[in-house]
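Enquirer: structure of the sequence below:
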Amino acid sequence: MYGSRLLTFISHSKPLTVAPSSPRPSSHSLLYRIRTMTSTTNTSGQSDIGKLKTESDGSFKRAPSSFRNFIKHDGKFPPEKGRYHLYVSYACPWATRTLITRKLKGLEDFIPVSSVSPHMGVQGWPFKNADPSWADADNDPEHSNFQHVKDLYFLADPNYGGRFTVPVLWDKKLDTIVNNESSEIIRMFNTAFNHLLPADKAAVDIYPEAHRQEIDSINEWVYDTVNNGVYKSGFAQSQSAYENAVYPLFKSLDRLEEMLKGKDYLVGNTLTEADIRLFVTTIRFDPVYVGHFKCNLRDIRHGYPNIHLWMRKLYWNNDAFKSSTKFDHIKEHYYWSQTTVNPSRVVAGGPVPHIEPL
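Expert: Sure thing, here's the model as predicted:
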């Protein structure tokens, strides 16, 4: 079950001493020793968001994702039903992109999901066995002794030095991470399994060729100023860094407001990845970003009627969006985990309701 990646991990670690007459250690015992080794190594600089470093001017710069492989027919990771596993947090906007796309494409029976607790502490994202206080979380079904997402990263690469982020697309056959970049995972989900899907789901295309240039153009500035802009505002450690993030954020929201006038979708007359990528930020905006991240020039429900209507239509009319949005996870994570922003860990009560009806 654990394959060659497990053996690679062991080869980079202190050799196990086994007497010639002793039976070979089981996979479970090997995994237990791996977890013990990783848990005794100080990785808080990689896992503890309270130790997040900013630039010399106080600005926040997001590190690029590290695992960038693709599921493709002629590659190391071919499309196969049941071969892959998706690890997510319902609190995380980047992971929510993958949940929405998985549902839109009908991949629920192809790629199972495990959700971590929203309490991202000094060890990073925990599974339920490390944080039993959060009932709506899962253990890792592939590695029963693993307690944190970081254990996956060290199994895939014992020398990994980056942050332990979600989503993680995992290959159960090779015991390794395929990809941890959400923008690439949703494109894999969009096409890689089409030949195995029913015709109606294979026909769903969130990155249609006729609109790719426009989608790419929108994605570029929306990512920088909106998706990541809320984080640059919230994590800023100087007034100038905050202002250099928050004003471009609202300038882009103004631009999006005009683009969505009289429209249900950002590009053409069809749902695309541009809508998915914007939705995961706007749905968190009023519940979290307005207060917690100081993105308070305006809120969505009162300041942006076109964005507000577009967002509510996606949420209330398409279950892929609604079922992938858990406001309790979202609010608990931001207010509890990000102690540099909210040292008291007090979770805000509003807004009421989290999303207004149509």
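
Enquirer: where does the closest residue to Tyr223 other than its chain neighbours fall, secondary structure wise?
Expert: The shortest distance from Tyr223 to any non-neighbouring residue, by C-beta to C-beta, 6 or more residues apart in numbering, is to Arg277 (7.2 Å). (Each C-beta comes from the backbone N, C-alpha and C, glycine too.) Here Arg277 sits within helix 273-284, counting by DSSP states H and E.

Enquirer: what is the rounded mean pLDDT of that helix?
Expert: With pLDDT averaged residue by residue, helix 273-284 scores 99.

Enquirer: give the buried residues for the next helix or strand after it.
Expert: Past helix 273-284, heading to the C-terminal end, the next element that is a helix or strand (DSSP H and E) is helix 300-303. Taking 16 or more other C-beta atoms under 10 Å as the basis for neighbour counts, the residues of helix 300-303 that come out buried are 300-301, 303.

Enquirer: stretch 117-133 too?
Expert: Under the neighbour-count criterion of 16+ other C-beta under 10 Å, stretch 117-133 has 117-121, 123-131 buried.

Enquirer: output those residues as JSON lines; include the columns pLDDT.
Expert: Shown next, in JSON lines, are the buried residues of stretch 117-133 (pLDDT from 0 to 100):
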{"residue": "Ser117", "pLDDT": "98"}
{"residue": "Pro118", "pLDDT": "98"}
{"residue": "His119", "pLDDT": "98"}
{"residue": "Met120", "pLDDT": "96"}
{"residue": "Gly121", "pLDDT": "94"}
{"residue": "Gln123", "pLDDT": "95"}
{"residue": "Gly124", "pLDDT": "96"}
{"residue": "Trp125", "pLDDT": "98"}
{"residue": "Pro126", "pLDDT": "98"}
{"residue": "Phe127", "pLDDT": "98"}
{"residue": "Lys128", "pLDDT": "98"}
{"residue": "Asn129", "pLDDT": "98"}
{"residue": "Ala130", "pLDDT": "98"}
{"residue": "Asp131", "pLDDT": "98"}
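
Enquirer: give me the helices and strands touching the helix holding Arg277, please.
Expert: Contacts of helix 273-284 with other secondary structure elements, assessed using 3 or more C-beta pairs under 8 Å, 6 or more residues apart in numbering; DSSP states H and E, are made with helix 93-104, helix 182-191, helix 212-222, helix 305-317.

Enquirer: just those helices: most buried one?
Expert: helix 93-104 (a mean of 25; mean count of other C-beta atoms under 10 Å).

Enquirer: okay, the angle between that one and helix 305-317?
Expert: Between helix 93-104 and helix 305-317, the angle formed by their directions is 50 degrees, by axes from the mean of the first three to the mean of the last three C-alpha atoms, to 10 degrees.

Enquirer: circling back: pretty sure the residue nearest to Tyr223 contacts Asp224?
Expert: No: with contact defined as C-beta atoms under 8 Å, Arg277 does not count as touching Asp224 (11.9 Å).

Enquirer: from Ile300, how far off is the residue nearest to Tyr223?
Expert: Computed as C-beta to C-beta, to the nearest Å, the Arg277 to Ile300 distance reads 16 Å.

Enquirer: please apply the same query to Glu209.
Expert: For Glu209 relative to Ile300 (C-beta to C-beta), the value is 31 Å.

Enquirer: what about the helices in the stretch 101-250 of the chain?
Expert: Under the criterion DSSP state H, counting those that start in this stretch, the stretch 101-250 of the chain carries helices at the ranges 149-156, 182-191, 199-202, 212-222, 229-234, 239-259.

Enquirer: need those helices in CSV (columns: distance to His85 and mean pLDDT).
Expert: CSV is the format used below for the helices of the stretch 101-250 of the chain (distance: least, C-beta to C-beta, whole Å; pLDDT from 0 to 100):
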stretch, distance to His85, mean pLDDT
helix 149-156, 10, 97
helix 182-191, 12, 98
helix 199-202, 20, 98
helix 212-222, 26, 98
helix 229-234, 27, 98
helix 239-259, 34, 98
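
Enquirer: tabulate the ones you listed (a markdown table), appending distance to His292.
Expert: Below are the helices of the stretch 101-250 of the chain laid out as a markdown table (distance: least, C-beta to C-beta, whole Å):
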| stretch | distance to His292 |
| --- | --- |
| helix 149-156 | 22 |
| helix 182-191 | 21 |
| helix 199-202 | 37 |
| helix 212-222 | 20 |
| helix 229-234 | 6 |
| helix 239-259 | 13 |
